[in-house]
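Student: only geometry, no sequence info:
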């Protein structure tokens with residue numbers, strides 16, 4: 001299991017904005033992942049994603065990594081922001097745009 005945690009840590013730390021989701025932003029496999037990806041896309045920044053359906057170890061491992069029971073999960077600058085509800089609340093308030101744009105800008 002530690003190999004999976006190392007992989008997740010590298011993904012989270014190696015990408016300023018990364019979404020763990022079911023499916024891809026172009027072909028989401030659940031409504032929550034779709035809404036989360038749409039909110040991120042609406043922020044106008046590029047983001048990495050991991051399709052947890054492609055790897056059962058990652059699917060379970062990300063829940064353990066962030067101590068968060070559901071997918072999707074959004075990490076910005078290595079920190080878990082939350083799942084679909086939190087992502088949408090932050091998007092509607094304008095906070096998500098600021099956070100992800102700052103994160104992307106820091107990498108540039």
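Tutor: Happy to help now that I have it. Being a predicted model, the structure only gives us computed values, none of them experimental.

Student: Angles on the backbone of residue 48, please.
Tutor: Phi and psi for residue 48, reported as degrees, to the nearest 10, are phi -90, psi 160.

Student: Verify the stated contact: it with residue 19.
Tutor: Yes - between residue 48 and residue 19 a contact is recorded at 7.4 Å, counting by Cβ atoms under 8 Å. Using the backbone N, CA and C atoms, a C-beta is placed for each residue, glycine as well.

Student: which of these two has more neighbours?
Tutor: Shown here are residue 48 and residue 19; by other Cβ atoms under 10 Å, residue 19 has more neighbours (25 against 14).

Student: Who are the packing partners of the lowest-mean-pLDDT helix or strand in the chain?
Tutor: The helix or strand of the chain with the poorest confidence is helix 95-107; it has a mean of 86 (mean pLDDT, DSSP states H and E). Judged by 3 or more Cβ pairs under 8 Å, 6 or more residues apart in numbering; DSSP states H and E, helix 95-107 is in contact with strand 17-21, helix 31-42, strand 73-76, helix 84-93.

Student: who wins for proximity to residue 54 among the ones you listed?
Tutor: Evaluated over these, closeness to residue 54 peaks at strand 17-21, with 11.0 Å, by Cβ to Cβ.
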